[in-house]
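A.B. asks: here's my sequence, what's the structure:
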Amino acid sequence: MTERHVPNFSFIIPVYNTENWLENCVNSILAQPEVYSYEILLIDDGSTDSSYELCKAYASSYPFIHTMTKRNEGQGVARNVGVSMARGEIICFVDSDDQIDSSYCEVICKLHESGDFDFVNFGFSFRNINGVETRRFAPSHSFILEEQEIFKNSLLIKDIYSSPCNKAYRRKFIIENNLKFPAVRANEDILFACLVARCARRTLFSTEVIYYASIRPGSTSRGITVNNFVQTERSFVIAREAFKRDLESEEIYFHFDAHTAKVLSYLIYFFPSNI
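C.D. replies: Below you'll find the model as predicted:
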């Protein structure tokens, strides 16, 4: 891959203490057909295990894999660093303990080529440590949302899930709208999803399930703690400032209140009962 070559994809992977899962994650990307060009950006977020050593080993073996390490600030900030480094036409976020399907690049290319979309959504499933699927999320049929309907649905967490990992974004769209994850350490993806939706003109939803999220002990994104509530409150403050003008609309104000209630209800429901 020459310096001037623009790859089809930029896979951004925030890494934090996932030495036991990182290889499966990266290898699932390396298994994509050679017809698709891509770069892999491994952003180590101050790991204390051997994760960064693995990152460096991959970077030394493959010219299209790049890595860097930074102080621990949370995966949202790590993703922002990855976006600043990315050169691909399409940006994809992958968590370092997850995997993608071998058809991932093919499916994403077809979805983006089917219309002028700022980002596309696809199905994903959760798998336990034994690789057994426990739950899947995918629409029953493909459909398109446009303009403010995207923002409204995102606030209601309807159709548009908060995770950035079941979406593939046009890099141009991300850069031109200066879209960034907030510098909070929990549920930063919820606000990012709303920021993306607020700027988007058109998005597509596909029934294809091509992303496999892992359920494991110690996951930073799938365990609810008191810190989740603290960080989520910070995120709400940031959101109210970001959407200040939008909230002048009575309809959007109602949707934002519903959004707040839904997120807090989720946290309360999944908060461990033994604490």
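A.B. asks: hmm, who's touching the strand or helix carrying residue 268?
C.D. replies: For residue 268, the host element (DSSP states H and E) is helix 250-270. The contact list for helix 250-270, computed with C-beta atoms under 8 Å, 6 or more residues apart in numbering, reads 151-152, 155-157, 187, 190, 194, 224, 228-229, 232, 236, 239-240, 243, 246-247. In short, each C-beta sits where N, CA and C put it, glycine included.
A.B. asks: quick one: which of those residues sit in helices?
C.D. replies: 151-152, 155, 190, 194, 228-229, 232, 236, 239-240 (DSSP state H).
A.B. asks: columns neighbour count, pLDDT and distance to residue 88 on top of those residues, output as JSON lines?
C.D. replies: Converted to JSON lines, the ones in helices among the contacts of helix 250-270 look like this (neighbours: other C-beta atoms under 10 Å; pLDDT from 0 to 100; distance: C-beta to C-beta, whole Å):
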{"residue": "151", "neighbour count": "22", "pLDDT": "96", "distance to residue 88": "26"}
{"residue": "152", "neighbour count": "20", "pLDDT": "94", "distance to residue 88": "30"}
{"residue": "155", "neighbour count": "25", "pLDDT": "92", "distance to residue 88": "29"}
{"residue": "190", "neighbour count": "24", "pLDDT": "89", "distance to residue 88": "25"}
{"residue": "194", "neighbour count": "25", "pLDDT": "94", "distance to residue 88": "24"}
{"residue": "228", "neighbour count": "19", "pLDDT": "74", "distance to residue 88": "31"}
{"residue": "229", "neighbour count": "16", "pLDDT": "78", "distance to residue 88": "36"}
{"residue": "232", "neighbour count": "21", "pLDDT": "78", "distance to residue 88": "31"}
{"residue": "236", "neighbour count": "18", "pLDDT": "81", "distance to residue 88": "32"}
{"residue": "239", "neighbour count": "21", "pLDDT": "84", "distance to residue 88": "28"}
{"residue": "240", "neighbour count": "12", "pLDDT": "85", "distance to residue 88": "33"}
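A.B. asks: residue ranges with poor pLDDT in the stretch 101-250 of the chain?
C.D. replies: 217-224 (pLDDT under 70).
A.B. asks: need the strands for it, in chain order.
C.D. replies: 119-127, 133-137, 143-146, 167-170, 202-214 (DSSP state E, counting those that start in this stretch).
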